[in-house]
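In: predicted model, plus sequence, below.
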Amino acid sequence: MLDTTFPAPPAALSTIESRTAELGFNMASEPRTGALLQVLAASKPNSRLLELGTGTGLATAWLLSGMDAASTLISVDTDPTVQAVARQALGDDPRLTLVLEDGAAFLRRQLALSPTPQFHLIFADAMPGKYESLDQALALVAPGGLYVIDDMLPQPNWPVGHDEKATQLLATLSSHPGFHMAPLVWSTGIAILVRKPAGACLPAEPALSPS
């Protein structure tokens, strides 16, 4: 099976890829991650999506390409230089709001505005919402909503000791009582979590013995 042939790549993809290479930005999302995000975004019509870590907007473009006209996407980053690529290539899309802010501060602000779950899909592609402020990010996922992370397989740009952090993160997520998790050996290593509906995490009733 070919896993690098995508029937509907985003229109702005080649432009963003070129600008990404010019900047020497090596933390952009891999195309197979993008294709998965496109499919997941399409599964959530009329929804609110959040991306933590815009980068140059590669994953942003894939998310937008899967979203319907009634959905919205907020994408947050702290680096104005790389986010400017996304702003130039994608900023005319009315569904997209680009926020230049620390991701942890953004999450705190969202919870202060409304402590109830707000987003139907969160793609955490930065330290905040993934290795930092994880509880705050998970608290914003609506019932039935998705929390997605990538780079869970060893990467060339990982600092020394980061593999232990990744292993611990997966262990933490897999044991969370409010979510189901599926780890995927796909692209750079993906984990997809779905928030359980209310009451779904209650212990199962014991089986009755046959009389």
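Out: Sure thing, it's come through.

In: for the residue nearest the centre of the chain, what is the enclosing helix or strand?
Out: Nearest to the mean C-alpha position of the chain, counting by C-alpha atoms, centre = their mean, stands Phe123 at 0.9 Å. Following DSSP states H and E, one finds Phe123 within strand 119-124.

In: same deal with Pro177?
Out: Going by DSSP H and E, Pro177 is not in any helix or strand.

In: need the pLDDT of it.
Out: We have a pLDDT of 96 for Pro177.

In: any idea how many residues pack against it?
Out: 8 (other C-beta atoms under 10 Å). C-beta here means a position set from N, CA and C on the backbone, and glycine is covered the same way.

In: where in the protein is pLDDT low?
Out: Across the chain, residues meeting the criterion (pLDDT under 70) sit at 1-2, 4, 6, 199-211.

In: just the buried positions in the top strand by length along the chain, please.
Out: For the chain, the strand that runs over the most residues, judged by DSSP state E, is strand 141-149. Across strand 141-149, burial judged by 16 or more other C-beta atoms under 10 Å covers Val141, Ala142, Gly145, Leu146, Tyr147, Val148, Ile149.

In: same thing with stretch 20-29?
Out: Buried residues in stretch 20-29, counting neighbours by 16+ other C-beta under 10 Å, are found at Thr20, Phe25, Ala28, Ser29.

In: report the two of these separated the most.
Out: Pairwise distances across those peak at 11.0 Å for Phe25 and Ser29 (criterion: C-beta to C-beta).

In: now for the two: what residues contact both?
Out: Common contacts of Phe25 and Ser29 (C-beta atoms under 8 Å, 6 or more residues apart in numbering): Gly55.

In: just the strands in the chain please.
Out: Secondary structure of the chain (DSSP E): strands located at 48-52, 72-77, 96-100, 119-124, 141-149, 179-184, 190-195.
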